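Q: Please work out how this folds:
(chains A and B)
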Amino acid sequence: MTDASWISSILTAARPHAVAALLRHFRDLDLAEEVFQEACVRALKTWPKNGPPRDAAAWLIMVGRNVAIDTVRRRSRLQLLPPEELISDLSDAEVAAADRIDEADYRDDILRLLFICCHPDLPPAQQIALALRIVSGLSVPQIARAFLVSEAAMEQRITRAKGRITAANVPFETPGAAERFERIAAVAAMIYLVFNEGYTTSVAEHGARAALCEEAIRLSRLLLRLFPTEPEIMGLAALLMLQHARAPARFDQQGRVVLLEDQDRALWNRRLIAEGLALIDKAVRHGRPGPYQVQAAIAALHARASRAEDTDWTQIDLLYGTLERMRPSPIVSLNRAIAVAKVRGPADALAMIEPLATKLGGYFYFHGARGAFLLELGRTEEARVAFDRAIALANTPAEAAHIREQLDRLSGAAL
Amino acid sequence: MQYAILCYHDETVTCAWSKEHDDAVMGKLGAVMGKLERQGKLGPVARLLPTTAATTLRKDREQPLVIDGPFAETKEQLLGFYVVDCASLEEAIEIGKELAEANPGGAHEIRPVGVFLPGKVAS
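A: Down below sits the predicted model:
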């Protein structure tokens, strides 16, 4: 293992805690980031020699604070810089003292850091970019690659987002219980956005964007570590893990979309599935269901089926029914229709989605599903029209190709 | 004589490993374990999933208490472990309670296993 590699894992792991504490200390995001960066540079210089400190976050916080003091001193030209060794060789006692100061508030510090990234004034794309930059510590080029935009455009997006949160002035007082709960919910929604940004992808972009899914899973574990008894956070983490576990099977070698029921389940990531299943089981024990838990429970039913035909569609239909009541949305109804088609047949499913046509008329999946139901019912001409409509609305070439395949099959049947 | 070698690390660090790094570590460990296996020296090996997926059963009271999260006390020491194959966490907790009845006091941390190699010691 190279020095840079083990150090960078430690720095990444310590980042949310350290930047959050520095933010509370300085009440200035740019300064907090800047001194953290400088502390990381010093870590890279001294850790290979001395080994990493016992508590990396406390070390980085302490060095970060000293860096700021140095900067002030340098500017005032009153005193020479202290030698590097003095700053780097912090005694354990000093680190422990810094640790005690910060440990009391560190949970709310990190929550605040996450929360400023999902401030309601920020559009979703800016929330995601900001969280990846500030909390995850991804570089601007890395984030730009994941979003498929130029580095300059991403730099601008992040700068704009930072401007907005400075203007929004998130308070630094310890939040009350109700406010804390609101913050947790907003952060959970932001983490879900990060995941979705990575999940909605085609195979060509898959490598760069899968990083977003992994980052979202890491953030969900971080949130869960802060609030280990919140069933919806367990549900969120489980949902992301169970979805991402299927990533290796979602595209074939030619880059075509492979539907859930056709996926090679041997390719699914068993470790992520085990973790997700344990988390949803934990969440259910609380008897306080919520939308993330229900979605995770649906994903769990897919994960538990060793073959597609073993899937418990009746249970999935019921869970989508619960989700419809919790968070009514035409998309949820459309997903439920897929389960209904399996349990009660395509006629019932078609009847269920026809009323959604006005709301989902511009949605690729609506026409794709409708075409599939019509095809199953033998109404081939109508199916063809629906598939044509789906192709016109496809978001990625892979989606269009998938529908075209169905159309080809249709033509084959007609011949 | 059999020894258990217990593995400790900061999981926020290991969870921050890239897939390539994780694979590289597992590859190097695999080489060491392969050698030990050929020598008939390697018993079961388990890689546990993060503590965020753990549940703790406090068995120092009449009705064992189920708590979310890992076992966090430092007063007690790790004395042993069981690997059980269960359909759900609920079943694992039930087994934990059954074991607790036979041996009360202390706690059980119930943690999902990510990788399990049964192994076989020669003696």
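Q: So which other helices or strands are in contact with the host helix or strand of residue A:48?
A: Using DSSP states H and E, residue A:48 falls within helix A:29-50. If you count contacts as 3 or more Cβ pairs under 8 Å, 6 or more residues apart in numbering or on different chains; DSSP states H and E, helix A:29-50 packs onto helix A:3-26, helix A:56-76, helix A:84-88, helix A:151-168. Heads up, the C-betas are built off the backbone N, CA and C, glycines and all.
Q: okay, the angle between it and helix A:151-168?
A: Relative orientation of helix A:29-50 with respect to helix A:151-168: 120 degrees, computed using axes from the mean of the first three to the mean of the last three Cα atoms, to 10 degrees.
Q: Apart from its chain neighbours, what residue comes closest to residue 47?
A: Answering for chain A, as no chain was given. Among residues not flanking residue A:47 along the chain, residue A:7 sits closest, at 5.5 Å (Cβ to Cβ, 6 or more residues apart in numbering or on different chains).
Q: wrong chain, I was asking about chain B
A: Residue B:47 sits nearest to residue B:115 (Cβ to Cβ, 6+ apart), 3.9 Å away.
Q: Enumerate the residues of chain B near chain A.
A: Residues of chain B lying near chain A by Cβ under 8 Å from any Cβ of the partner chain: B:10, B:12-17, B:19, B:21, B:24-25, B:49-50, B:52-53, B:55, B:66, B:68-69, B:88-90, B:112-115.
Q: hang on, isn't the residue nearest to residue B:47 packed against residue A:274?
A: No: look at residue B:115 against residue A:274 with Cβ atoms under 8 Å: they stay out of range, at 9.5 Å.
Q: Chain B: helices as residue ranges?
A: B:11-14, B:19-38, B:89-102 (DSSP state H).
Q: which of these has the lowest average pLDDT?
A: Lowest mean pLDDT within the helices of chain B: helix B:11-14, a mean of 90.
Q: Which residue is it, in the stretch 101-250 of chain A, that comes closest to chain B?
A: As assessed by Cβ to the nearest Cβ, chain B sits closest to residue A:228 within the stretch 101-250 of chain A, at 4.0 Å.
Q: Can you give me the distance of that residue to residue A:242?
A: Distance of residue A:228 to residue A:242, given as Cβ to Cβ, to the nearest Å: 19 Å.
Q: For the two, indicate the residue with more neighbours.
A: More crowded of residue A:228 and residue A:242, by other Cβ atoms under 10 Å in any protein chain shown: residue A:242, with 28 against 18.
Q: Which strand or helix spans that one?
A: helix A:231-244.
Q: Please pull up the helix or strand immediately following that helix.
A: Next along the chain after helix A:231-244, taking DSSP H and E as the criterion, comes helix A:270-284.
Q: could you give the angle of that following helix to helix A:231-244?
A: Going by the same axes, to 10 degrees, helix A:270-284 makes 160 degrees with helix A:231-244.
Q: Any residue of helix A:270-284 touching chain B?
A: Yes: applying Cβ under 8 Å from any Cβ, one finds helix A:270-284 in contact with chain B at A:271, A:274, A:275, A:277, A:278, A:279, A:281, A:282.
Q: do stretch A:188-199 as well
A: No: judged by Cβ under 8 Å from any Cβ, stretch A:188-199 makes no contact with chain B; its nearest approach is 13.7 Å.
Q: for the record, mean pLDDT for that stretch?
A: 89.
Q: before we move on, what about stretch A:407-415?
A: 67.
Q: Quick one: buried ones out of the residues of chain B next to chain A?
A: Buried subset of the residues of chain B next to chain A (neighbour count, 16 or more other Cβ atoms under 10 Å in any protein chain shown): B:12-13, B:15-17, B:21, B:49-50, B:52-53, B:55, B:66, B:68-69, B:89, B:112, B:114.
Q: part of a helix, is the residue of the stretch 101-250 of chain A closest to chain B?
A: No: counting by DSSP: H, G, I helix; E, B strand; the rest coil, residue A:228 is not part of a helix but coil.
Q: my guess is it meets residue B:69, correct?
A: Yes: taking contacts as Cβ under 8 Å, residue A:228 lies within contact range of residue B:69: 4.0 Å.
Q: what touches both of the two?
A: residue B:52 (Cβ atoms under 8 Å, 6 or more residues apart in numbering or on different chains).
Q: Give me the neighbour count for the residue of the stretch 51-200 of chain A found nearest chain B.
A: At 8.1 Å from chain B, residue A:56 is the closest residue in the stretch 51-200 of chain A, using Cβ to the nearest Cβ. Neighbour count for residue A:56, taken as other Cβ under 10 Å: 23.
Q: try residue A:190
A: Residues near residue A:190, counting by other Cβ under 10 Å, number 24.
Q: Report the spatially nearest residue to the residue in chain B positioned nearest to chain A, omitting neighbours in sequence.
A: Using Cβ to the nearest Cβ, residue B:89 is the residue of chain B that sits closest to chain A, at 3.4 Å. Sequence neighbours aside, residue A:281 is the residue nearest to residue B:89 in space, at 3.4 Å (criterion: Cβ to Cβ, 6+ apart).
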